[in-house]
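J.: Fold the following and give me the result.
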Amino acid sequence: MQEVDLTGLDEALAAGAPVIDVREADEYAQAHVPGVTLIPLSEFAGRVGEIPSAPTVFVICAMGGRSAQAANFLNASGINAVNVVGGTDAWVASGRPVETGA
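T.: Here you go, the predicted model:
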């Protein structure tokens, strides 16, 4: 499985790549990376059809564990997915901008 750090995520966001946040809705509402799409891991398999068609999809969670599971699932399904190491927690800790609410 491919992984990127926050710099790689910055580049992906700047290029318009889709980023899927697999945390639960309450976590997402507290703080999330601007521009990401919420598809909680608990609903992921049933909502995989909502993943945008793109050469690469980036997947983020709180620290990298759940997003790694989702990225592995997507890769096994033929979708090129990349896990964001450190996740939203690292994003927030770095001082990058966040959005709140649903």
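J.: can we go C-alpha only for contacts and neighbour counts from here?
T.: Will do.
J.: pLDDT averaged over stretch 28-41, what's the number?
T.: Stretch 28-41 carries an average pLDDT of 97.
J.: Which residues does it contact?
T.: 13, 18-25, 47, 66, 70, 88, 91, 97-102 (C-alpha atoms under 8 Å, 6 or more residues apart in numbering).
J.: and those, which are buried?
T.: Among the contacts of stretch 28-41, those classed as buried by 16 or more other C-alpha atoms under 10 Å are 13, 18, 19, 20, 21, 22, 23, 24, 66, 70, 88, 91.
J.: can I get the CA coordinates of the worst-scoring helix or strand of the chain on mean pLDDT in CSV?
T.: In the chain, the helix or strand scored least confidently by mean pLDDT, DSSP states H and E is helix 44-47, which has a mean of 94. The C-alpha coordinates for helix 44-47 follow below in CSV (Å, rounded to 0.1, in the frame of the first residue of the first chain):
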residue,chain,number,x,y,z
PHE,A,44,-17.4,2.2,3.7
ALA,A,45,-18.1,-1.1,1.9
GLY,A,46,-21.7,0.0,1.2
ARG,A,47,-20.8,3.4,0.0
